[in-house]
Each structure stands twice: as structure tokens, then as C-alpha cells.
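Trainee: quick check, what structure comes out for this input:
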Amino acid sequence: MKKLIVLTLLPFLFLNCKKSEIPVETDCDKVGIVDNDQLRNAPSDPFDFIAAEIIGDCMKVVVRYGGGCGGADFQLFGQEELAQSLPPQRLVLISLDDKDNCEALVTDTISFDLTAFRAENLNEVKLTLDGISRTPILYKY
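Mentor: Residues are numbered from 1 along each chain as shown. This next block holds a predicted model:
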């Protein structure tokens, strides 16, 4: 009798089980955003761009700016439209909103998740850093 109950309940257990969603982990500090309005209206406090490299889905950027007391917020915004080339190109902007009144010279490394910057049905896109570099960085995924 116990076997019959177990055999009857077993299919219900399997059918009612939901896969648990595992959050996608990223090693990046922030997530890049593709949005024309945010790109156009992004804060533009001054900073020096030192270097950038892409590792996996993260773009690590080294920057220097005046501050040191906290309150500096870097973001990465991308243009929605892609330039028609092979591979396509996307204009991106590193934005600084600096609410830090201190004047120490700070060098920092910030990383941005690039997943939102992918081009549909392709495995690479060139990212052109607006106002920083005319040489695009190739993002392969």
C-alpha cells in the first residue's frame, strides 16, 4: 500500500517542481545601460581616462579624478542604435557624477558588465568610447 501511495505521488512531485532561478553572478562593479535618454542626459563631471580592457563580459576602466571623500559615481551608457559595419559599432559613454568636494587625486578601477551592449544574432561588437578614444574596443561574447 505504501508503495502505491509513493508511486502515485511521485509524478505530482516531479511535475510541480520548479527550477530554482540561479542569479547570474558578475564580477563587475556596475551594469552598463543602453538607453539614448540616459546617454544624452548623463552627468559629465571631468575625469582622466587612463586605460580600458575587456575581460569576459566586464570592461575594466582605470580613471583619475579629483575627490577622495566619497560621492563620485561612474556609469557606462550606450547608444541604442548600432553603426552599420562588420562587426557593428556602438557608441558608449563613461559618465562621472562627482558630488565629492575633496581635491585629492584619486585613481580608481571600475568595471562594467557589458551584457546589455551585445548585438543581436552576432558574437562581437565594437565599443567606441565617446570623447575618449577614436579606436573602438572589440567586445567578443
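
Trainee: the closest residue to residue 68 other than its chain neighbours: what's it in contact with?
Mentor: Among residues not flanking residue 68 along the chain, residue 104 sits closest, at 3.3 Å (Cβ to Cβ, 6 or more residues apart in numbering). Placement of C-beta: from N, CA and C, glycine included. With contact set as Cβ atoms under 8 Å, 6 or more residues apart in numbering, residue 104 has these partners: 66, 67, 68.

Trainee: from these, which would you call buried?
Mentor: 66, 67 (16 or more other Cβ atoms under 10 Å).

Trainee: between the contacts of residue 104, which is nearest residue 30?
Mentor: residue 67 (17.0 Å; Cβ to Cβ).

Trainee: distance of that closest one relative to residue 108?
Mentor: 9 Å (Cβ to Cβ, to the nearest Å).

Trainee: quick check: which ranges of the protein have low pLDDT?
Mentor: 1-25 (pLDDT under 70).

Trainee: how about the strands in it?
Mentor: Here the chain has its strands, by DSSP state E, at 30-31, 33-34, 48-55, 58-67, 72-78, 89-98, 104-113, 124-129, 137-140.

Trainee: coming back round to it: could I get the contacts of residue 104 as a markdown table with distance to residue 119?
Mentor: Listed next are the contacts of residue 104 as a markdown table, based on distance: Cβ to Cβ, whole Å:
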| residue | distance to residue 119 |
| --- | --- |
| 66 | 36 |
| 67 | 35 |
| 68 | 38 |
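
Trainee: one step back: who's the residue nearest to residue 68 bridged to?
Mentor: Assessed by DSSP bridges, residue 104 has beta-bridge partners residue 67.

Trainee: next, count neighbours for residue 37.
Mentor: 9 (other Cβ atoms under 10 Å).

Trainee: which ones are touching the closest residue to residue 126 other than its chain neighbours?
Mentor: Spatial nearest neighbour of residue 126, chain neighbours left out: residue 136 (3.6 Å); criterion: Cβ to Cβ, 6+ apart. If a contact means Cβ under 8 Å, 6+ apart, then residue 136 has 89, 126, 127, 128, 129 as its contacts.
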